[in-house]
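here's my sequence, what's the structure:
(one chain, ligands or ions: 1)
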Amino acid sequence: MRRRLLLAAVGLAVLAAATALPATARAGTWCGGTAESATDRPDVVAALSWHVVYAYPSDGVDRFPQLVEPILADLAAVDAWWRGQDATRAIRWDLAALPACTTGIGALDLSAVKLVGDTAAFSGSGDRYGRLRSDLAAAGFTDPDKKLLVLYDGAFDHSVRECGIARTGFPATGGADSLAVIYLDTNCGAGLGGGEFPAVAAVHEMTHAMNALADAGTGQGPPHACPGDPGHPCDSPNDLLYPSSQAGTPLASKVLDVGRDDYYGHSGSWWDVQDSLFLERLDSPDTQPPAAPPGLTARGIPGAVLLGWQAAADDIGPVFYEVFRDGVQLTVTAALTYSETIAAGETHGYVVRSRDAVGRLGGSTAIRFAGGIGVVGAAGQLLADTVPPTPVARLRARINRVALLLTWSAAIDAGGVAGYRVYRDDRAVATTRVPAFSLPVRRAAGAWYVRPFDRAGNLGDPSPLVTVTVRARVS
Ligand SMILES: [Zn+2]
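Next up, the predicted model:
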């Protein structure tokens with residue numbers, strides 16, 4: 001879903017064009033000086049969070065050194081504004097251990113990224129959002145636990161009258177594919193650093209990306225959704241999410257959901273941005289991250305791998321688990337198991353990470369599994385045989401006057417077959433190391449099957465049944 005923040009008066013924006021750089025830029029608010037990082041720095045707090053990226057096209061100019069202070073001034077205004085609107089919540093920013101400080105908005109982990117695309121790639125009316133998403137992914141910004149606020153610094157076509165864009169996406173607790181983008185060109189970026197339009201645009205798009213009004217129009221929903229534009233409320237121009245805003249509008253004049261009935265702190269059953277895990281819950285007693293989930297195992301089941309772990313400790317539950325395969329998040333679950341199909345010989349690295357109910361991330365635990373083989377090390381060597389042998393395919397029974405002879409095809413196991421259990425009428429009657437077994441004919445009657453087991457004790461599936469009947473003899 002596309003969300004647009006329109007400039008209601010294009011003329012006004014053009015008039016403002018000469019003051020793209022603020023006259024009142026504050027200094028010394030960012031603790032990183034002018035150090036640029038094209039990647040996400042190590043996190044101070046592990047939690048779902050907002051990461052901010054300053055981005056410019058490949059043929060653009062890196063104005064990070066000039067813009068970093070006004071950007072910080074606006075984000076500080078956004079941070080203070082949100083706390084002022086709701087004393088129980090704060091935007092959870094991605095912070096870094098910067099040289100001058102490690103807490104507060106001054107420690108914001110602000111990245112500066114030169115995009116692969118040039119000005120033309122982002123200036124037309126094409127899929128700018130998708131292009132930004134893919135360019136940022138190529139630059140390494142793929143963490144599903146972070147939403148990105150992108151400050152795009154490049155010229156673009158203003159005929160579309162759009163100063164920001166965001167995409168909503170459920171589940172609301174995940175960050176993947178949720179960008180909030182604002183443009184810092186001469187029209188939309190005018191007043192940067194003054195707590196005006198760019199700050200309004202930033203928090204407007206961030207609120208969209210936290211799924212405000214995203215499920216409007218499906219039965220019961222926000223009462224003031226705009227006709228024909230259900231992603232915005234139309235009850236008041238002062239509302240943060242009103243569809244358009246004037247250049248020069250101070251953030252201080254905006255209200256987070258006028259009437260608290262459409263998207264924030266409302267009493268309806270639809271999604272409430274106040275519940276977003278990308279907001280810090282200042283009123284929650286849950287202050288500690290969960291521990292890593294202990295006891296991660298990976299076992300082979302027919303055609304699949306079954307991951308299992310034990311519940312992670314946390315000061316206040318419940319705990320959820322993020323499951324990753326080769327760095328890609330597969331699911332977030334409250335369960336203690338996860339399975340997926342895996343072909344024989346296919347190897348993947350799995351990670352399970354704990355996450356508590358307020359969005360704090362705990363430790364993670366990792367395991368490598370090769371389909372049909374078991375748990376393997378980095379070099380592919382077998383560490384633990386957690387895959388049972390292949391079942392016995394052909395079980396044959398031969399009977400003569402004195403004995404029953406059972407034979408079967410040998411099972412296969414990466415760690416080695418240790419033997420076979422022989423069953424009659426679902427009761428184990430013998431264990432043998434070789435694929436053959438015999439016993440006196442007087443004990444031959446019954447339904448027979450065989451299960452192989454490996455050196456690690458994994459029991460394979462049963463062979464097909466062979467039913468033996470013994471006729472009574474008259475002598
Ligand atoms: Zn909007």
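
what's stretch 394-414 in contact with?
Outside stretch 394-414, the residues that touch it by C-beta atoms under 8 Å, 6 or more residues apart in numbering are 372-374, 382, 385, 387-393, 417, 420, 422, 435-441, 443-444, 448-450, 452, 454-455, 458, 460, 463-466, 468, 470. Where you see a C-beta, it was placed from the backbone N, CA and C, and this is true even at glycine.

just the buried residues of the residues you listed.
When these are checked for burial by 16 or more other C-beta atoms under 10 Å, the buried set is 372-374, 382, 385, 387-392, 417, 420, 422, 435, 437-438, 441, 444, 448-450, 452, 454, 458, 460, 463, 466, 468.

give me the helix or strand of the chain that scores worst on average pLDDT.
Using mean pLDDT, DSSP states H and E, helix 10-15 stands out as the lowest-scoring helix or strand of the chain, at a mean of 27.

what mean pLDDT does the top helix by length along the chain have?
Longest helix in the chain, counting residues (DSSP state H): helix 64-85. Across helix 64-85, pLDDT averages out at 95.

show residues contacting it.
Under C-beta under 8 Å, 6+ apart, the answer for helix 64-85 is 21-22, 25-30, 32, 34, 36, 52, 54, 89-91, 93, 105-106, 108, 110, 112, 151, 153, 184, 192-195, 198-199, 202-203, 206, 251-252, 254-256.

what residues sit buried inside the host helix or strand of residue 134?
Using DSSP states H and E, residue 134 sits in helix 128-138. Neighbour-count burial for helix 128-138, counted by 16+ other C-beta under 10 Å, picks out 128-129, 131-133, 135-136.

just the strands in the stretch 301-450 of the chain please.
Remark: strands assigned in the stretch 301-450 of the chain by DSSP state E, counting those that start in this stretch are 304-308, 319-325, 328-333, 337-341, 347-356, 361-370, 374-376, 382-384, 395-399, 403-408, 417-424, 427-432, 436-440, 446-454.

show me what from the stretch 101-250 of the chain comes close to the ion.
In this structure, the stretch 101-250 of the chain does not approach the ion anywhere, judged by C-beta under 5 Å from the ion.

run through the helices of the stretch 101-250 of the chain in chain order.
119-123, 128-138, 197-209 (DSSP state H, counting those that start in this stretch).

CSV for these, including distance to residue 351 and mean pLDDT?
Output for these, formatted as CSV (distance: least, C-beta to C-beta, whole Å; pLDDT from 0 to 100):
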stretch, distance to residue 351, mean pLDDT
helix 119-123, 34, 89
helix 128-138, 19, 90
helix 197-209, 25, 94
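
export those to CSV and tack on distance to residue 285?
Output for these, formatted as CSV (distance: least, C-beta to C-beta, whole Å):
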stretch, distance to residue 285
helix 119-123, 45
helix 128-138, 36
helix 197-209, 26
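
those: which one's closest to residue 302?
When the helices of the stretch 101-250 of the chain are compared by C-beta to C-beta, helix 128-138 sits nearest residue 302, at 35.1 Å.

which elements pack onto that closest one?
Contacts defined by 3 or more C-beta pairs under 8 Å, 6 or more residues apart in numbering; DSSP states H and E place helix 128-138 against strand 49-56, helix 119-123, strand 146-152, strand 179-183.

okay, the ones you listed in CSV with mean neighbour count and distance to residue 276 next?
CSV is the format used below for the helices and strands packed on helix 128-138 (neighbours: other C-beta atoms under 10 Å; distance: least, C-beta to C-beta, whole Å):
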stretch, mean neighbour count, distance to residue 276
strand 49-56, 23, 10
helix 119-123, 19, 28
strand 146-152, 25, 9
strand 179-183, 26, 12
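
adding distance to residue 243, write those out as CSV.
Converted to CSV, those look like this (distance: least, C-beta to C-beta, whole Å):
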stretch, distance to residue 243
strand 49-56, 23
helix 119-123, 23
strand 146-152, 20
strand 179-183, 15
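
residue ranges with poor pLDDT in the stretch 151-300 of the chain?
Along the stretch 151-300 of the chain, the parts satisfying pLDDT under 70 run over 158-161, 169-177, 216-219.

which residues of the stretch 351-475 of the chain lie near the ion?
Residues of the stretch 351-475 of the chain lying near the ion by C-beta under 5 Å from the ion: none.

quick revisit: buried set for the longest helix of the chain?
Within helix 64-85, the residues that qualify as buried are 64, 67-79, 81-82, 85, counting by 16+ other C-beta under 10 Å.

which of the helices and strands packed on helix 128-138 sits closest to residue 354?
With C-beta to C-beta as the criterion, residue 354 lies closest to strand 49-56 of these, at 16.4 Å.

helices or strands next to that closest one in the packing?
If you count contacts as 3+ C-beta pairs under 8 Å, 6+ apart, strand 49-56 packs onto helix 64-85, strand 110-114, helix 128-138, strand 146-152.

at 6 Å instead, please
Applying 3 or more C-beta pairs under 6 Å, 6 or more residues apart in numbering; DSSP states H and E, one finds that strand 49-56 contacts strand 110-114, strand 146-152.

quick one, the shortest one and strand 146-152 angle?
Pointing back at strand 110-114 there. Strand 110-114 and strand 146-152 are oriented at 60 degrees to each other (axes from the mean of the first three to the mean of the last three C-alpha atoms, to 10 degrees).

quick one: mean pLDDT over strand 110-114.
Averaged across strand 110-114, pLDDT comes to 97.

show me how far that strand is from its chain's centre.
Computed by C-alpha atoms, centre = their mean, to the nearest Å, the chain-centroid distance of strand 110-114 equals 22 Å.

just checking, what packs against that strand?
Here strand 110-114 touches strand 49-56, going by 3+ C-beta pairs under 6 Å, 6+ apart.

give me the mean pLDDT for the strand it packs on.
The average pLDDT within strand 49-56 is 96.
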